[in-house]
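> coordinates for the following, if possible.
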Amino acid sequence: MNLIEVEATVNAPLEHVWNCFNQSQHIVGWNFAADSWHCPKAEADFVVGGKFCNTMAAKDGSFSFDFWGHYRAIEPLSHVAFSLGEDLGESRYVEVDFLEVEGGVRVVERFVPETQNPEDMQRGGWQAILENFKSYCERG
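Sure, this is the predicted structure:
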C-alpha cells in the first residue's frame with residue numbers, strides 16, 4: 001500500500017495540539033485547505049469504532065461535502081487512525097502521529113490516496129489543511 005505523508009511541527013503543548021485535532025469545537029476552526037472554504041460543522045464520537053463527520057464547504061455556498069469515517073485506533077496524546085467513508089478496510093485509511101520535539105509537536109499524517117485526483121494534488125491539499133491546523137493551534 002502506497003501512503004502519502006504530510007507533516008508539520010506545531011509550536012504548542014502536546015495536549016493542546018491533540019485536543020485541537022480531535023475535538024469538534026476546534027476542528028471547525030482549521031479543517032479546510034483555502035481561505036475561500038470553511039468547516040461549518042464537525043461532529044465526533046471520539047472512541048474506537050465511533051464515527052466522525054466534518055462538513056467542508058465553499059464560503060460562497062457553491063459546493064460542500066461531508067468528510068466522514070470511523071475511528072480505528074486511539075492512543076491518547078500520540079496516535080489516531082481512522083477509515084474514511086463506509087470503507088472500514090485499508091483502501092481509505094489515515095493514521096496520524098503526534099511526536100513531542102524541541103519547540104513543539106511534530107504531527108505526521110499518512111493516508112491512502114483516493115483514485116480520482118493525482119497524488120501531488122492530494123498531498124498539496126492535505127498539507128494545506130495541516131498548515132491551517134498548525135496556525136490554528138499556535139493562535140491559542
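
> and Glu15, that one's in a strand?
No - under DSSP: H, G, I helix; E, B strand; the rest coil, Glu15 sits outside any strand and is assigned helix.

> these two touch, right, it and Ser78?
No - between Glu15 and Ser78 there is no contact under Cβ atoms under 8 Å: 11.5 Å. For glycine as for every other residue, the C-beta is placed from the backbone atoms N, C-alpha and C.

> skipping adjacent residues, who's closest to Cys53 in space?
With sequence-adjacent residues excluded and distances taken as Cβ to Cβ, 6 or more residues apart in numbering, Cys53 is closest to Trp68, at 4.0 Å.

> neighbours around that neighbour, how many?
16 (other Cβ atoms under 10 Å).

> try Val101
By the other Cβ under 10 Å criterion, the neighbourhood of Val101 contains 9 residues.

> partner residues bridging the residue lying closest to it once chain neighbours are set aside?
Closest residue in space to Val101, ignoring its immediate chain neighbours: Thr9 at 6.3 Å, by Cβ to Cβ, 6+ apart. Assessed by DSSP bridges, Thr9 has beta-bridge partners Arg106.

> before we move on, what about Val80?
Beta-bridge partners, per DSSP bridges, of Val80: Ile74, Val96.

> so which helix or strand takes in Phe67?
If you go by DSSP states H and E, Phe67 is part of strand 64-75.

> any idea how far that strand is from the chain center?
9 Å (Cα atoms, centre = their mean, to the nearest Å).

> what mean pLDDT does it get?
Over the span of strand 64-75, the pLDDT mean works out to 94.

> quick check: mean pLDDT of the top helix by length along the chain?
The longest helix of the chain (DSSP state H) is helix 119-139. Helix 119-139 shows a mean pLDDT of 97.

> next, the angle strand 64-75 makes with that helix.
70 degrees (axes from the mean of the first three to the mean of the last three Cα atoms, to 10 degrees).

> for helix 119-139, name the packing helices and strands.
Here helix 119-139 touches strand 4-10, helix 14-22, strand 104-111, going by 3 or more Cβ pairs under 8 Å, 6 or more residues apart in numbering; DSSP states H and E.
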